[in-house]
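A.B. asks: Here is a sequence with its predicted model. Questions after.
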Amino acid sequence: QVQLVESGGRLVQAGDSLRLSCVSSGRTFSTYALGWFRQAPGKEREFVAAISWSGGRTSYPDSVKGRFTISRDNAKNTVYLQMNSLKPEDTAVYYCAADQRYGGTYPSAYYYWGQGTQVTVSS
């Protein structure tokens with residue numbers, strides 16, 4: 001069983017940076033691939049970033065590539081999402097997710113989910 005708790009979301013201005021954290025309970029955190037997704041009001045949940053169990057592989061969609069960085073600290077059971085040069089269109093609830101397989105870009109590829117943290121970017 002993997003429980004995920006996100007934190008770090010808040011109101012920021014366009015151009016600002018923000019780091020989200022997601023802490024996991026359980027002893028098997030290091031064996032799971034992790035992902036970040038976001039969902040804006042009225043829109044589908046979309047892929048933001050993924051990282052392999054070792055941290056050696058990452059992937060991003062073009063919409064955030066070069067601005068967002070996913071990383072993990074297996075000793076702390078934590079995955080991070082560093083977001084730079086934020087834009088109003090980045091406003092959404094951000095979710096972290098875990099699964100034993102790396103590389104999923106669709107929500108259905110992940111079994112465990114956190115409750116989400118709100119990020120609001122004002123113009």
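C.D. replies: Received it, and whenever you're ready, just let me know what you need.
A.B. asks: going forward, measure contacts and count neighbours with C-alpha atoms only.
C.D. replies: OK.
A.B. asks: which one is the spatially most central residue of the chain nearest to, not counting chain neighbours?
C.D. replies: When the chain is reduced to its mean C-alpha position, the closest residue under Cα atoms, centre = their mean turns out to be W36, at 2.4 Å. Leaving aside its sequence neighbours, W36 sits nearest to C96 (Cα to Cα, 6 or more residues apart in numbering; 4.4 Å).
A.B. asks: which residues are contacting stretch 35-54?
C.D. replies: Contact partners of stretch 35-54, identified using Cα atoms under 8 Å, 6 or more residues apart in numbering, comprise 30-34, 57-61, 64, 68-72, 81, 91-98, 102-107.
A.B. asks: Sort out which of the residues you listed are in helices and list them.
C.D. replies: For those, membership in helices holds for none, with DSSP state H as the criterion.
A.B. asks: Let's see which of these end up in strands.
C.D. replies: Among those, the members found in strands (DSSP state E) are 33-34, 58-59, 68-72, 81, 92-98.
A.B. asks: ok so, going back, now the residue nearest to the centre of the chain, what are its backbone angles?
C.D. replies: Summarising the backbone geometry of W36 under the convention degrees, to the nearest 10, its torsions are phi -120, psi 140.
A.B. asks: now Y110
C.D. replies: Backbone dihedrals for Y110, given as degrees, to the nearest 10, come out at phi -120, psi 140.
A.B. asks: In contact with it, which residues?
C.D. replies: A97, A98, D99, G104.
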